[in-house]
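[1] Need coordinates for the following:
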Amino acid sequence: MVSTLNELSQLKYSGFGQPQPRHGLNLLYWFVQDCIHFSNNYIVPIYMPQNGDFGFHRYHNRIEDDDDHIVPLQNLPYYEVGNLNARGAEKLPKYVRENYSQNDPDSNRDRVIVRQDASGNFNRVYVTEHNDPKRFDRSKTYRVSQGLLSIIKNMSREQFLKQTINIREEPLIYTQYNHNVPERAPDNDGSWCTIL
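    Numbering: from 1, shown residues only. Okay, here's the model as predicted:
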């Protein structure tokens, strides 16, 4: 079962698109700002994914090996975007592509997957990442709620990144030195201890 991200904090702690050079957060921001709008509670595409714009292409949701499908089986088409090697991906904005390197697979790991209903609207939006060059990681696949998409739609990119980049703070290790404490002479058993 795929978990749903409803809030920015959930997106932040999901790990999607992080750390750099991964492009997922910028990809999702671009998708929300430039590829969809909302009308009568529908997610309406601005570009039809079947046309291949920006590298959109059909996602077949196949079972590979013994793994389950990463998104629910439906008799509706799925499309993915975010492969920076796909034809048309060169039209993605520079801020999505800027950290891409063919020598670093992490820089092309993230994808947005959409499910298109019979009327052409997107009735589901997912984010996911590759766990190897061919397969997506089921445990790192999330549905993005329409509410969260609406929140992102009303943000600047700087605001969005500030609230979603998970900067992991390393625990600080404090070492206290006291140079004025004299050492004790060893006890009769040969062991000794200095208390600071």
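[2] all helices for this protein, in order.
    In order along the chain, the chain carries the following helices (DSSP state H): 8-14, 24-30, 94-97, 146-153, 157-164.
[3] deepest of these, which one?
    Comparing the helices of the chain by mean neighbour count (mean count of other Cβ atoms under 10 Å), helix 24-30 ranks first with a mean of 23. For the C-beta atoms, the positions are set from N, CA and C on the backbone; glycine is no exception.
[4] wait, isn't C35 in contact with P45?
    Yes. If you go by Cβ atoms under 8 Å, C35 and P45 touch, sitting 6.3 Å apart.
[5] and the spatially closest residue to L76 that is not a sequence neighbour, how far is that from P45?
    Counting by Cβ to Cβ, 6 or more residues apart in numbering, the nearest residue to L76 once its immediate chain neighbours are dropped is R115, at 5.4 Å. With distances taken as Cβ to Cβ, to the nearest Å, R115 is found 11 Å from P45.
[6] Show me whatever sits in contact with both of the two.
    In the contact map built from Cβ atoms under 8 Å, 6 or more residues apart in numbering, the residues linked to both R115 and P45 are F122.
[7] buried set for the least confident helix or strand in the chain by mean pLDDT?
    Averaged element by element with mean pLDDT, DSSP states H and E, the chain has its least confident helix or strand at strand 57-59 (a mean of 94). With burial defined by 16 or more other Cβ atoms under 10 Å, the residues of strand 57-59 counted as buried are H57, Y59.
[8] the strands in the protein, which residues?
    For the chain, the strands identified by DSSP state E occupy 3-5, 36-39, 42-45, 57-59, 78-81, 110-116, 122-129, 142-144, in order along the chain.
[9] Excluding residues flanking it in the chain, which one is nearest D110?
    Nearest non-adjacent residue to D110, counting by Cβ to Cβ, 6+ apart: G24, 3.0 Å away.
[10] Next: G52.
    In space, not counting the residues next to it along the chain, G52 is nearest to G88; the distance is 5.3 Å by Cβ to Cβ, 6+ apart.
[11] so what's the one you found up against?
    Taking Cβ under 8 Å, 6+ apart, we find G88 in contact with G52, D53, F54, G55, F56.
[12] Need phi/psi at it.
    In terms of degrees, to the nearest 10, the main-chain angles of G88 are phi 100, psi -20.
[13] Also E7?
    Its backbone dihedrals place E7 at phi -130, psi 160, with angles given as degrees, to the nearest 10.
[14] Correct me if wrong: it contacts L148.
    Yes. At 6.5 Å, E7 counts as touching L148 under the criterion of Cβ under 8 Å.
[15] for the protein, what are the low-confidence residue spans?
    By pLDDT under 70, the low-scoring segments of the chain are 62-68, 168-196.
[16] The least confident helix or strand of the chain: partners in the sheet, and parallel or antiparallel?
    Strands adjacent to strand 57-59 in the sheet, as given by DSSP bridges, are strand 78-81 (antiparallel).
[17] What residues of the partner strand count as buried?
    Y78, Y79, E80, V81.
[18] ok so, going back, could the strands of the chain be laid out in a markdown table, adding distance to F136?
    As requested, these are exported to a markdown table (distance: least, Cβ to Cβ, whole Å):
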| stretch | distance to F136 |
| --- | --- |
| strand 3-5 | 15 |
| strand 36-39 | 21 |
| strand 42-45 | 21 |
| strand 57-59 | 9 |
| strand 78-81 | 9 |
| strand 110-116 | 7 |
| strand 122-129 | 5 |
| strand 142-144 | 11 |
